[in-house]
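Novice: Give me the fold of what follows.
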Amino acid sequence: MLIGIFADTHDHLDNIRKSVAVFNAHQCDLILFAGDFVSTFVLPPMRKLNAPMIACFGDNEGNKTGLYGGMTIIGKLGEPPFGFKTECGKKILLTHQLWLIKDYGEAEIIVYAHTHKAKIHTDDAGRLFINPGEASGWSNGKPSVALLDTETMQAEHLWLDDVELPV
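Specialist: Residues are numbered from 1 along each chain as shown. Below is the predicted model:
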């Protein structure tokens, strides 16, 4: 299973479109969003995703009711942190702020954001941690997303500055 991961879009519509284009081009089976949509007008570009999305709120959402409503046609949205099991059996914890997770339980993969810094690492227990960085690029000027192959448990960052949107 190939999972596309992004976060911290902070209303940057062009980079949301680029994220969607990257995930669709790679034929992702599932998309994870680790918080900070910010406003509801970010949702229409996400409707073009060719895979379902599981998302959590961040700490900068303006209209949670509107985001819940808009997400019903895209995927699932919840308060972080929460865990779920993928169709391929991988156990994932999804949050915006890593410090919200008090117990990793049986999670194999922890997806988080908030720092706006792209990072992939494994802890001593073999759990894979993925921060896709910021899709917006507002803070560090390096907008990014991540891809995870659940079969190999290999993850990588992709830089949105390298993506051209069709005219």
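
Novice: what comes up buried for the lowest-mean-pLDDT helix or strand in the chain?
Specialist: Within the chain, confidence by mean pLDDT, DSSP states H and E is lowest for helix 64-71 among all helices and strands, at a mean of 92. For helix 64-71, the neighbour count (16 or more other Cβ atoms under 10 Å) marks 67, 70-71 as buried. Just so you know, the C-beta spots here come from the backbone N, C-alpha and C atoms, and that holds for glycine as well.

Novice: and which of those is nearest residue 126?
Specialist: Using Cβ to Cβ, residue 71 comes nearest to residue 126 of the buried residues of helix 64-71, at 31.9 Å.

Novice: where does the closest one sit relative to residue 42, distance-wise?
Specialist: Counting by Cβ to Cβ, to the nearest Å, the separation of residue 71 from residue 42 is 11 Å.

Novice: biggest helix in this structure, by residue count?
Specialist: Across the chain, the helix with the greatest residue count (assigned by DSSP state H) is helix 13-25.

Novice: List of residues touching that one?
Specialist: 4, 6, 9, 31, 41-42, 45-46, 48-51, 135-137, 143, 145, 158, 160, 163, 165 (Cβ atoms under 8 Å, 6 or more residues apart in numbering).

Novice: Pull that helix out as PDB, backbone CA atoms only.
Specialist: C-alpha atoms of helix 13-25 as PDB (Å, rounded to 0.1, in the frame of the first residue of the first chain):
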ATOM      1  CA  LEU A  13      -4.000  26.600  -2.400                       C
ATOM      2  CA  ASP A  14      -1.300  26.100  -5.100                       C
ATOM      3  CA  ASN A  15       0.700  23.800  -2.800                       C
ATOM      4  CA  ILE A  16      -2.500  21.900  -1.900                       C
ATOM      5  CA  ARG A  17      -3.100  21.400  -5.700                       C
ATOM      6  CA  LYS A  18       0.500  20.300  -6.100                       C
ATOM      7  CA  SER A  19       0.200  17.800  -3.200                       C
ATOM      8  CA  VAL A  20      -3.000  16.400  -4.800                       C
ATOM      9  CA  ALA A  21      -1.200  16.100  -8.100                       C
ATOM     10  CA  VAL A  22       1.800  14.300  -6.500                       C
ATOM     11  CA  PHE A  23      -0.400  11.800  -4.700                       C
ATOM     12  CA  ASN A  24      -2.500  11.100  -7.800                       C
ATOM     13  CA  ALA A  25       0.600  10.700 -10.000                       C
END
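
Novice: Perfect, I'm done here.
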